[in-house]
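1. Requesting a structural model of the entry that follows:
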Amino acid sequence: MKKLSLIALVLFCAGYQGFAQKRNPKTPTPVATPPPANPNAMNRPGGPSTGPKPYNQVITAKAKTDKGLFKVHFVEDRYFFEIPDSLLGREILTVNRISKAAAGNRAQMMGYGGDHIGDNVISFEKGPNNKVFLKSISYSERAKDTTDQGMYKSVMSSNIQPLVASFDVKAFAKDSISGVKGTVIDVTDYINSDNDIFFFDSGTKKGLSLGGQMADRSYIKEIKAYPLNIEVRTLKTYMKTPPQAPGMMGGGGGTSTPATYELNSSMVLLPAKPMKPRFFDARVGYFATGYVDFDANPQGVKNQSLITRWRLEPKPEDVEKYKRGELVEPKKQIVYYIDPATPKKWVPYLMQGVNDWQAAFEKAGFKNAIVAKEAPKDPNWSIDDARHNAIVYKPSDIPNASGPHVHDPRTGEILETHVNWYHNVMQLLRNWYFIQAAAIDPKARKMKFDDELMGQLIRFVSSHEIGHTLGLRHNFGSSATVPVEKLRDKQWVEKNGHTPSIMDYARFNYVAQPEDNISAKGIFPRIGDYDLWAIEWGYKWLPEFNTPEEEAAYSNQTIIKRISANKRLTFGTESDPNDPRNQNEDLGDNAMLASSYGIKNLKRILPNILTWSKEPNESYQNAKTLYGEVVGQYGRYMGHVAKNVGGIYASPKTVEEKGGMFQPVPFAIQKEAMTFLNTQLFATPTWLINKELIERTGINPVDVFQGTQKSTLARLQNANTIGKLINDEALNGNKAYTAFNLFSDLKSGIWSELSSHKNIDVYRRNLQKAYIDNMIKLISAPAQAAGGSSFPGMRVTDPTSSDVSSVSRAHLSILAKDIRTAIPAATGMSKFHLQDLLVRINTALNPKS
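-> Numbering: from 1, shown residues only. The predicted structure follows:
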């Protein structure tokens, strides 16, 4: 399952969060069936037996029977499944969720009602000696070629799926009307046990610090049958275990207070005729499910990925209309229900966020393909029912939303989704819009927005999260296709939007200036050109191709043609740490210019925070929060710029396209980035130090921008960044921006007092100390954990194994000489500071002395 959160790298998220993700279904530990607690169980229908009994002795007149996918019988205190022979061996997807959450047991965004806690593909298989086995199925390795030249038989021989549970056949059935034959098994003890087929998967359980199940405080509430699914509702109580501290090999003893959950497990029959899959392509951003294909490469294997998407096909009577290019309705509409717990005034905006996608599906040839509806007032309707997609409203203080989905691992077909909508997301939206738009929109200059403004903010987030549930990943590269100056062009930006994709993290148009007079149409994100294209590519029905392999050439040529004709259709992954075009929260094709405009607006907002945040009878907490938001937004601008230094443009291509896939950011752009940082960050940004705000909020003035300076420096003075500069120089010679260029530019901006002999204030002293600390790390081997091995899971680059330490040592030596020369002319704290730094450098360069 994929979770991509709204605030992505701010809380990343997300997400998140994304990338062609592979699902490897878990192999559960077999669970032994406990002996009956009641000695009289030997005489009950569900008690131990020596073999099958007559049907009416097991399913007695006392039975309460629910008919659906298969019959569910409740006899006294036992639950029986009557599984038709036609369903033995059929794949069934189990989807597990929290219906009602334990009080106070949260782990970031996990632990709320509606949360997805696990899923598996299972089947019921008839075995010898009157047994039925529960099989857990994985699709991580596949082969379809059953000929003598194919790998099917070999792959099957090496992939026997595990049997995770065993059930005695209690009786055989034959429906007197339909003649359907079936097998009756008692599932009570298995569902009452602790297992990750029907309940928490191991990762979620660990994240919530849950230990063993407390059997005396756990029970089945009900099991209901529906036409395509079975719904199992249980109450489970678990011992609590302390969260594992970093570096600890295990937790301590359990806590005294247990955690009780009401859980819902849906058993959904997977389609007998699987949907035709579509191969993933890195140039269009879809989630994917992956597997190893033993057929695709006759001399090896190939890792394949299938995009996740809903099955949209025209009705049989509309096939010819579709082929002629007429819009038709799909066989099955994608319907999203709004949680009845949602405050009524926000329901229309959440629904509009769903319905806004209708235009995208029209590009794929379908009208009325997607719609939002209010939940029906029907006591039998359940938001937990896996047949229903829902936007679930959660009473949480987490400022977020997320759009997960559950899919068929065989094909990528999305089967259902529950969008998580956390109540406090509105506070996040208020803060974002205030910081990014208050300079140009008077409606943003207060703490409680009008309902219409907040409603439109909710609508945009709803559209974004629905995009995830349609299979779309974040497109962090979308905004980089827009020239920065177009964001100030009222006519252009109001027509086209400030980013071509609502799946980008380009919240609001912070580039626009007050004199541009741009309206909300040019400030808000919307479903754009890329989104229309992505849905068209992923959902267009292609009956002329029988397999995804046959589609491959057509798909490749279509992508090449469309993107080459319109760069606004470009996708940029959120998982690329090197490409400065692919960033969250950024705007435009030039981070330096966009950030300069953004800072101008922050300078307009900061002096007005006390006025705009004022509420009667309230403290200055609002002002403190917004002051922090200004500093945070400023920090994002610095991050956007810094990623250009040592940056590498990555453009996925096939062999039919010209040009390279990887290119270093040009020298001129890296130089421009360093000039910006020296001017806007390393030269003390005193405009951020607002004396009145500091006196009212108690914020430490030294801390206002210190974190941003240190984090940006750490990114620049990093073994990975410098290593990329060294590689660029090796490949491109004097055309490259080199490590020497970086150190020279940093030195000119951060150490100017050495030549000017000016006083070094506290802000600059702290900055210079951080600089020296980073340089010392660049000439030192990384720390090792006890026992001599690196900390597990932590990727550490050793600068001493490459030229990184060599060039860094040379720079430190030069800097030491300059500091030594400057000390005689320095006075007071400036002199003490330089003397301290010189000792640190000499100790690092000559540790034995």
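2. who does the nearest residue to residue 214 once chain neighbours are set aside bridge with?
-> The shortest distance from residue 214 to any non-neighbouring residue, by C-beta to C-beta, 6 or more residues apart in numbering, is to residue 237 (4.5 Å). Yep, even glycine has a C-beta here, placed from its N, CA and C like the rest. Note on residue 237: beta-bridge partners by DSSP bridges are residue 260.
3. What degree of burial does residue 592 show, as a neighbour count?
-> 21 (other C-beta atoms under 10 Å).
4. So for it, what's the nearest residue that isn't a sequence neighbour?
-> Nearest non-adjacent residue to residue 592 (C-beta to C-beta, 6+ apart): residue 676, at 4.4 Å.
5. Would you quantify the distance from that neighbour to residue 595?
-> 7 Å (C-beta to C-beta, to the nearest Å).
6. shared neighbours, these two?
-> residue 641 (C-beta atoms under 8 Å, 6 or more residues apart in numbering).
7. one step back: the residue nearest to residue 592: what secondary structure?
-> When classified by DSSP: H, G, I helix; E, B strand; the rest coil, residue 676 comes out as helix.
8. ok, now residue 543?
-> coil.
9. Could you report the distance from it to residue 202?
-> Residue 543 is 42 Å from residue 202, by C-beta to C-beta.
10. for residue 810, same thing?
-> 50 Å.
11. can you give me the helices for the stretch 51-200 of the chain?
-> In the stretch 51-200 of the chain, helices defined by DSSP state H, counting those that start in this stretch lie at 55-58, 152-157, 188-192, listed in chain order.
12. looking at these, which has the lowest confidence?
-> Note on the helices of the stretch 51-200 of the chain: helix 152-157 shows the lowest mean pLDDT, a mean of 52.
13. got the contact list for the residue nearest to residue 592?
-> Counting by C-beta under 8 Å, 6+ apart, residue 676 touches 592, 595-596, 641.
14. Residue 443 now?
-> So residue 443 contacts 449-450, 453 (C-beta under 8 Å, 6+ apart).
15. please redo it, this time with the cut-off set to 6 Å
-> Taking C-beta atoms under 6 Å, 6 or more residues apart in numbering, we find residue 443 in contact with residue 453.
16. In a strand, it, correct?
-> No - under three-state DSSP, residue 443 falls outside any strand and is assigned helix.
17. Where does the record place the domain boundaries for this protein?
-> The chain breaks down into these domains under automatic domain parsing: 21-37+58-243+253-269, 316-589, 638-786+796-845.
18. which one of the ones you listed lies closest to residue 603?
-> Each of those has some distance to residue 603 by C-beta to C-beta; the shortest is domain 638-786+796-845, at 5.7 Å.
19. among the domains of the chain, which is nearest residue 620?
-> Closest among the domains of the chain, once you apply C-beta to C-beta, is domain 638-786+796-845, at 4.5 Å.
20. Quick one: mean pLDDT over the closest one.
-> Mean predicted lDDT for domain 638-786+796-845 stands at 94.
21. Quick check: end-to-end length of that domain?
-> 31 Å (C-alpha to C-alpha, to the nearest Å).
22. Compare the domains of the chain and give me the one nearest residue 626.
-> domain 316-589 (6.3 Å).
23. Any idea how far apart the tips of the closest one sit?
-> Span of domain 316-589 from end to end, C-alpha to C-alpha: 46 Å.
24. switch to numbering from 30
-> OK, 30 is where the count begins now, so the last one is domain 345-618.
25. Skipping its backbone neighbours, what lies nearest residue 227 in space?
-> Closest to residue 227 by C-beta to C-beta, 6+ apart is residue 294, at 4.4 Å.
26. what's the helix or strand for the residue lying closest to residue 711 once chain neighbours are set aside?
-> For residue 711, ignoring the flanking residues on the chain, the nearest one in space by C-beta to C-beta, 6+ apart is residue 778 at 4.4 Å. According to DSSP states H and E, residue 778 maps onto helix 768-779.
27. downstream neighbour of that helix in the secondary structure list?
-> With DSSP H and E, the next secondary element past helix 768-779 is helix 782-785.
28. So what's the gap between that following helix and the chain middle?
-> Offset of helix 782-785 from its chain centre (C-alpha atoms, centre = their mean, to the nearest Å): 47 Å.
29. And the next helix or strand past it?
-> helix 791-806.
30. Show me what that next one packs onto, helices and strands only.
-> Using 3 or more C-beta pairs under 6 Å, 6 or more residues apart in numbering; DSSP states H and E as the contact criterion, the elements in contact with helix 791-806 are helix 735-745, helix 857-874.
31. burial measure for the residue nearest to residue 227, as a count.
-> So residue 294, with other C-beta under 10 Å, has 25 neighbours.
32. Then residue 590?
-> Residue 590, neighbours per other C-beta under 10 Å, totals 10.
33. rewinding a little: could you look over the helices and strands packed on helix 791-806 and pick the most buried one?
-> With neighbours taken as mean count of other C-beta atoms under 10 Å, the helices and strands packed on helix 791-806 reach their highest mean count in helix 735-745, at a mean of 18.
34. Quick one: residues in contact with that helix.
-> Contacts for helix 735-745 (C-beta under 6 Å, 6+ apart): 664, 667, 671, 674, 795-796, 799, 803.
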